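Visitor: With the sequence up front, the predicted model follows.
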Amino acid sequence: MTCEDVREARSARLDGEEVSVASATLDAHAGGCPAGRVSLARAEHVTRLVRVQPGAVPDLTAPVLAAVAAGTESVVSSRSGLGVAGGSGRAWPA
Ligand SMILES: [Zn+2]
């Protein structure tokens, strides 16, 4: 089994495809092949970048601006639970 064979099989495995080569065989190759280790690390990194997407973040612009305009400290933190500090001007912890 060549390094290229291993690389293709690992790529297929990372994509969730059926692979005829045992995972242990693919992993063992990286143990004895520096180039294989590098390609495995790159493939896993790219796969992680593609799969990890940013989570949904609430748009707090309006409540924050309203709180600033009203001069209050509790509107945002009490409604969102995010603990956003108000405009006290003090360093945390106070
Ligand atoms: Zn190799």
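Guide: Now that the structure is in, tell me what you want to look at.
Visitor: need the residues of the protein near the ion, please.
Guide: 3, 33, 35, 36 (CB under 5 Å from the ion). (C-beta placed from N, C-alpha, C; glycine too.)
Visitor: and if we set it to 6 Å?
Guide: Contact residues, the chain versus the ion (CB under 6 Å from the ion): 3, 6, 29, 33, 35, 36.
Visitor: For ChimeraX, what selects the buried ones among these?
Guide: To isolate the buried subset of those in ChimeraX, counting by 16 or more other CB atoms under 10 Å, use the following:
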select :6,29,36
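Visitor: Remind me what the helix ranked longest in the chain packs against, helices and strands.
Guide: As assigned by DSSP state H, the longest helix anywhere in the chain is helix 34-51. Applying 3 or more CB pairs under 8 Å, 6 or more residues apart in numbering; DSSP states H and E, one finds that helix 34-51 makes contact with helix 3-14, helix 23-32.
Visitor: Tell me which of those helices sits most buried.
Guide: helix 3-14 (a mean of 16; mean count of other CB atoms under 10 Å).
Visitor: what's the closest of the helices and strands packed on helix 34-51 to residue 56?
Guide: helix 3-14 (26.0 Å; CB to CB).
Visitor: picking up where we left off before, show me what counts as buried in the longest helix of the chain.
Guide: For helix 34-51, by 16+ other CB under 10 Å, it's 36, 39, 40, 43.
Visitor: and the angle from that helix to helix 23-32?
Guide: 120 degrees (axes from the mean of the first three to the mean of the last three CA atoms, to 10 degrees).
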